[in-house]
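Peer 1: fold the following, please.
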Amino acid sequence: MVIKNLLYIVTFIMIFTSCESQKIKPKIQLELENKNYPVQESWNSKIVFSEEGKLKAILYSKNIKVFESPREKLIDGLKVDFFDENELKTSWLSSKRGRIDDITENMYAYEDVVAKNDSSNVVLKTEELMWRKSDKKIITNKFVTITSPEEIIEGYGMESDQHLKNYKVFDITYQTTIQK
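Peer 2: Presented below is the predicted three-dimensional model:
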């Protein structure tokens, strides 16, 4: 019986000493710290732009991701309506993707970019362009096709006002007039 009790005591001591308190440090995934994640994200958004209380543009998107560094917004499913000084819609622009630089407030449109003037029916098609806020111009150095009721112009590089009223194609590769 003594041996049996001694065996219980030894077993109890072995179990007790083997369960000493150890602090377990959790693993930290450092690779998550180095990635740039959005600080804000929204779906099916509508953003209104105004100056001095007057409507200038409305941006619609399927998805917007806002980043702090670099200070920009990445946009999927972009559409922008532009308005004149009387707050009448004059033109629109759409693309699959876009980006807004929060410092310069310039907007970039990528993939299947289409812009149209509602009154003159001038249509611009390209793969990439920039709307520059400082002078409200649309510019690109990519291939463009501009179709109006009077003509079709194709070429590389162009500049226009945001309403597509006054445009210039820099390196014209094709031009024709449309017979009525």
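Peer 1: next SSE downstream of the helix or strand bottoming out on mean pLDDT in the chain?
Peer 2: None of the helices or strands of the chain scores lower by mean pLDDT, DSSP states H and E than helix 2-18, at a mean of 65. Per DSSP states H and E, the first helix or strand lying C-terminal to helix 2-18 is strand 40-51.
Peer 1: chain center to the following helix or strand past that following strand, what's the gap?
Peer 2: Using DSSP H and E, the helix or strand that follows strand 40-51 in sequence is strand 54-67. Its chain's average C-alpha position is 9 Å from that of strand 54-67, according to C-alpha atoms, centre = their mean, to the nearest Å.
Peer 1: and strand 54-67, which strands flank it?
Peer 2: strand 40-51 (antiparallel), strand 72-83 (antiparallel) (DSSP bridges).
Peer 1: how about the ones you listed in CSV, adding mean neighbour count and distance to Gln162?
Peer 2: Using the backbone N, CA and C atoms, a C-beta is placed for each residue, glycine as well. What follows is the strands paired with strand 54-67, written out as CSV (neighbours: other C-beta atoms under 10 Å; distance: least, C-beta to C-beta, whole Å):
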stretch, mean neighbour count, distance to Gln162
strand 40-51, 12, 12
strand 72-83, 20, 5
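Peer 1: dump those strands into CSV; add distance to Glu105 as well.
Peer 2: Formatted as CSV, these follow (distance: least, C-beta to C-beta, whole Å):
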stretch, distance to Glu105
strand 40-51, 9
strand 72-83, 10
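Peer 1: looking at the ones you listed, which is nearest to Gly98?
Peer 2: Nearest of those to Gly98, taken as C-beta to C-beta: strand 72-83 at 3.8 Å.
Peer 1: let's test this: mean pLDDT of the helix or strand that the closest one is followed by, rounded?
Peer 2: Once the chain leaves strand 72-83, the next helix or strand it forms, by DSSP H and E, is strand 89-101. Across strand 89-101, pLDDT averages out at 94.
Peer 1: repeat that for stretch 117-127.
Peer 2: Looking at stretch 117-127 alone, the average pLDDT works out to 94.
Peer 1: now tell me what touches that stretch from outside.
Peer 2: Residues outside stretch 117-127 that contact it (C-beta atoms under 8 Å, 6 or more residues apart in numbering) are 89-92, 110-116, 138, 140, 142-149, 158, 160, 163-165, 167.
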